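**Student:** got a structure for you, letters missing:
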């Protein structure tokens, strides 16, 4: 294992061990895929990791054994098979207390482990790794920057290809293909493209509906770069647009820009949410903004922290936050504008550079 990678993982595991000690956990079975990746930087479709007070284990089968050797010396690699698996491994170790991610582990797996170590105290470890993940290190921030840059390139590319007669599905496909061509390993989520009256549905899936003159087209998309996600939304107009459309767009843009201007470390999620929601409500469209203002992004497309009317989470430096206010008028149209940003002590670093003024194609 290269020195820099090993040092990063040591810091991450050290933070997890501190939480384990606070919770009285002797061994911690990490089941959530993103948490396993965060603590090991090992990417496979089949492996488990167990964190102990002084030692760590990575369990995988023959297919990934050679690749897993790169996890040494931080992890002891254990080969598993149909005859010897996680259950047998834990039976051998016989911990007195085992931390489990209750929101992820299956009932079948839990029952199997409990059967072989009946005297073990099972302790919920939900959130232990996520607590470390919420503040990004420099390496993570750079990967998110690159993912955001790829999405920016895809948006510039698609502007020349949106015209009457093109379908939502084709626009989504062109965005996805371009992001892949620019180095994305995957999509952050299923691309959203909604036009005309369908743009009033915040998470509408692309259909064969054809773009028409006078339509708003909302595109919400992102990609994965070296394991880390990006997320952005832009709404553009095709042909002539009405005064009502322009006014709704203006309100959303004002709310979005104002919120980007005021976010800083020390604010709560609901304070950030209110910065945008109050502007939209004052304009008379509060009932048309029914989702949270934003969320964290990292190994997952939706992770802590969250900015919504109930969130008391305090934002800290190097947390991520999307800023995505919207107004959705049923059966007419909708507008959403979203940027992805890094929280700082005195403001944000916006990772999305695409134009936000109303673009009429």
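**Tutor:** Done, it's in. These figures come from a predicted structure and were not determined experimentally.
**Student:** ok, now which ones touch the residue most central in space within the chain?
**Tutor:** Closest to where the C-alpha atoms of the chain average out (CA atoms, centre = their mean) is residue 301, at 1.8 Å. By CB atoms under 8 Å, 6 or more residues apart in numbering, the contact list for residue 301 reads 188, 189, 222, 229, 231. No exception for glycine: its C-beta is placed from N, CA and C like everyone else's.
**Student:** ok, residue 119 next?
**Tutor:** Per CB under 8 Å, 6+ apart, neighbours of residue 119: residue 96.
**Student:** quick one: secondary structure of it?
**Tutor:** Judged by DSSP: H, G, I helix; E, B strand; the rest coil, the three-state class of residue 119 is coil.
**Student:** relative to residue 96, how far out is it?
**Tutor:** 7 Å (CB to CB, to the nearest Å).
**Student:** for residue 33, same thing?
**Tutor:** 27 Å.
**Student:** more neighbours: which of these two?
**Tutor:** residue 33 (15 against 12; other CB atoms under 10 Å).
**Student:** quick one: the helices in the stretch 101-250 of the chain?
**Tutor:** For the stretch 101-250 of the chain, helices defined by DSSP state H, counting those that start in this stretch occupy the ranges 107-116, 128-133, 138-159, 168-181, 243-262.
**Student:** figure out the length between the terminal residues of stretch 234-243.
**Tutor:** 19 Å (CA to CA, to the nearest Å).
**Student:** and it, which residues are buried?
**Tutor:** Buried positions in stretch 234-243, judged by neighbour count with 16 or more other CB atoms under 10 Å: 234, 235, 236, 237, 238, 241.
**Student:** how about stretch 118-134?
**Tutor:** 120, 122, 123, 125, 128, 129, 130, 132, 133, 134.
**Student:** next one: stretch 275-295
**Tutor:** For stretch 275-295, by 16+ other CB under 10 Å, it's 275-277, 279-280, 283, 285, 288-289, 292-295.
**Student:** select from these every entry located in strands.
**Tutor:** Among the buried residues of stretch 275-295, the members falling in strands (DSSP state E) are 294, 295.
**Student:** farthest-separated two in the buried residues of stretch 275-295?
**Tutor:** 283 and 295 (23.8 Å; CB to CB).
**Student:** about what we covered before: distance to residue 59 and mean pLDDT for the helices of the stretch 101-250 of the chain - can I get that in a markdown table?
**Tutor:** Formatted as a markdown table, the helices of the stretch 101-250 of the chain follow (distance: least, CB to CB, whole Å; pLDDT from 0 to 100):
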| stretch | distance to residue 59 | mean pLDDT |
| --- | --- | --- |
| helix 107-116 | 13 | 95 |
| helix 128-133 | 17 | 95 |
| helix 138-159 | 25 | 98 |
| helix 168-181 | 32 | 98 |
| helix 243-262 | 44 | 98 |
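**Student:** between these, which gets nearest to residue 18?
**Tutor:** Comparing the helices of the stretch 101-250 of the chain by CB to CB, helix 128-133 comes nearest, at 9.5 Å.
**Student:** helices and strands around that closest one, which ones?
**Tutor:** Using 3 or more CB pairs under 8 Å, 6 or more residues apart in numbering; DSSP states H and E as the contact criterion, the elements in contact with helix 128-133 are helix 3-23, helix 33-40, strand 303-307.
**Student:** now the shortest one: average pLDDT?
**Tutor:** Over the span of strand 303-307, the pLDDT mean works out to 97.
**Student:** try the first one
**Tutor:** Looking at helix 3-23 alone, the average pLDDT works out to 94.
**Student:** can you list the buried residues in it?
**Tutor:** So, applying 16+ other CB under 10 Å, buried residues of helix 3-23: 8, 9, 12, 13, 15, 16, 17, 19, 20.
**Student:** the first one contacts residue 137, correct?
**Tutor:** Yes - applying CB atoms under 8 Å as the test, residue 8 and residue 137 come out as touching, 6.8 Å apart.
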